[in-house]
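Visitor: what's the 3D shape of this:
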Amino acid sequence: MRRDDGGTWCPPPRRWWLGLGVLTMAMACVAGTRTRGPTGQTASLVDGAAGLEQGVDASVTGPPSVGANSGSVDAAPVATPLIELDADTLAAASKPKPKVALPFDAEQLERIYAVQDIVAAASAAHGVDPALINALIWVESKFDRRARGPAGAQGLMQLMPKTAGAMAERLGRRRDSYNPDFNIHAGTLLLSRLLDRFEGDVTLALAGYNRGGGTVSKWVAAGEPLPAGAQGFADRVLEARGWFERLPSSPKRRPAATPKPAATPSSGPISRLDTSALSLAL
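Guide: Residues are numbered from 1 along each chain as shown. A predicted model of the protein is given here:
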């Protein structure tokens, strides 16, 4: 309230009330800090402009109380602390791992590349990964087309004569296990049938190739694990599969050496001996 010149008390002007409102808001903002209750929860002290609009003072509230039907209080999310890594650890993590050299010598590479057209055709015809075909050939015979196993298995994919005969009938071809084209197509067809039998399980299919599909089916039906020999065979083939996935599709040939040009006679000055001979001739 204020008094005019006549001694009458008059209400303060409107801007006075506005100033008071601004001051109240400022005080509310100062009080609007956050405190932590005993449970680590954060309670808001002021509800900003909403509290002023309703004409109520902001008050400090503690952690939410547990009601009779509430059961529990939701805890505030706790931030996971960041782990600081030193420079050496970061450098080691970002450094690319060195590639392991392929275990093929020059002679083996020649044998491998010699049959890749056949492998590609068998892969397309029977739906088997070419790297898996190559890996199986590598483990079975090291790409020696004349290989013969102690039990009588023959050729690149070490087919037993009876198995080779059955595959020959399905292919409509004459059995010739030492012929690379027949052997790879017959072995790939057998592997394809085993993959279908074991629903795409490559390990079981490879074990079946090594021990027979019927034998592996009995192990699976009985819930028995693969014996060490069959499991080891499958593991070796799968390891070799990784090598053939990295093998270039064609061999890298060294450029032929460029022959050096033949030396030409020098056209330098005449030697003293030649000069004397020329004088005598004159």
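
Visitor: Hmm, residue 110 and residue 143 touching each other?
Guide: No. Counting by Cβ atoms under 8 Å, residue 143 stays clear of residue 110, with 9.0 Å between them. For glycine as for every other residue, the C-beta is placed from the backbone atoms N, C-alpha and C.

Visitor: more crowded one of those two?
Guide: Taking neighbours as other Cβ atoms under 10 Å, residue 143 and residue 110 compare with residue 143 leading, 21 against 12.

Visitor: Shouldn't the more buried one be within a strand?
Guide: No. Per DSSP: H, G, I helix; E, B strand; the rest coil, residue 143 lies outside any strand segment and is coil.

Visitor: tell me, how many neighbours does the nearest residue to residue 190 once chain neighbours are set aside end up with?
Guide: In this structure, residue 190 finds its nearest non-sequential neighbour in residue 167, 5.8 Å apart by Cβ to Cβ, 6 or more residues apart in numbering. Neighbour count for residue 167, taken as other Cβ under 10 Å: 23.

Visitor: so what's residue 167 up against?
Guide: Shown in contact with residue 167 (Cβ atoms under 8 Å, 6 or more residues apart in numbering): 159, 185, 186, 187, 189, 190.

Visitor: Then residue 247?
Guide: Taking Cβ under 8 Å, 6+ apart, we find residue 247 in contact with 102, 112, 134.

Visitor: any idea how far residue 186 is from the closest residue to the last one other than its chain neighbours?
Guide: Same thing as residue 134. Of all residues not flanking residue 134 in the chain, residue 244 sits nearest, at 4.1 Å (Cβ to Cβ, 6+ apart). From residue 244 over to residue 186 the distance is 20 Å, taken as Cβ to Cβ, to the nearest Å.

Visitor: who's more crowded, these two?
Guide: residue 186 (29 against 21).

Visitor: I figured residue 180 was touching residue 145, is that so?
Guide: Yes. Counting by Cβ under 8 Å, residue 180 does reach residue 145; the two are 5.2 Å apart.

Visitor: Quick check: neighbours shared by these two?
Guide: Both residue 180 and residue 145 are contacted by 115, 155, 156, under the criterion Cβ under 8 Å, 6+ apart.

Visitor: export these to JSON lines and tack on pLDDT, neighbour count and secondary structure?
Guide: Formatted as JSON lines, the shared contacts of residue 180 and residue 145 follow (pLDDT from 0 to 100; neighbours: other Cβ atoms under 10 Å; DSSP: H, G, I helix; E, B strand; the rest coil):
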{"residue": "115", "pLDDT": "98", "neighbour count": "20", "secondary structure": "coil"}
{"residue": "155", "pLDDT": "98", "neighbour count": "26", "secondary structure": "coil"}
{"residue": "156", "pLDDT": "99", "neighbour count": "30", "secondary structure": "coil"}
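
Visitor: any chance of those in CSV, with distance to residue 229 too?
Guide: Listed next are those as CSV, based on distance: Cβ to Cβ, whole Å:
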residue, distance to residue 229
115, 27
155, 22
156, 21
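
Visitor: So for the host helix or strand of residue 216, mean pLDDT?
Guide: For residue 216, the host element (DSSP states H and E) is helix 213-221. Averaging pLDDT along helix 213-221 yields 98.

Visitor: buried residues in the helix or strand that comes right after that helix?
Guide: Downstream of helix 213-221, the next assigned helix or strand under DSSP H and E is helix 228-246. Of the residues in helix 228-246, 230, 233, 234, 236, 237, 240, 241, 243, 244 count as buried by neighbour count, 16 or more other Cβ atoms under 10 Å.
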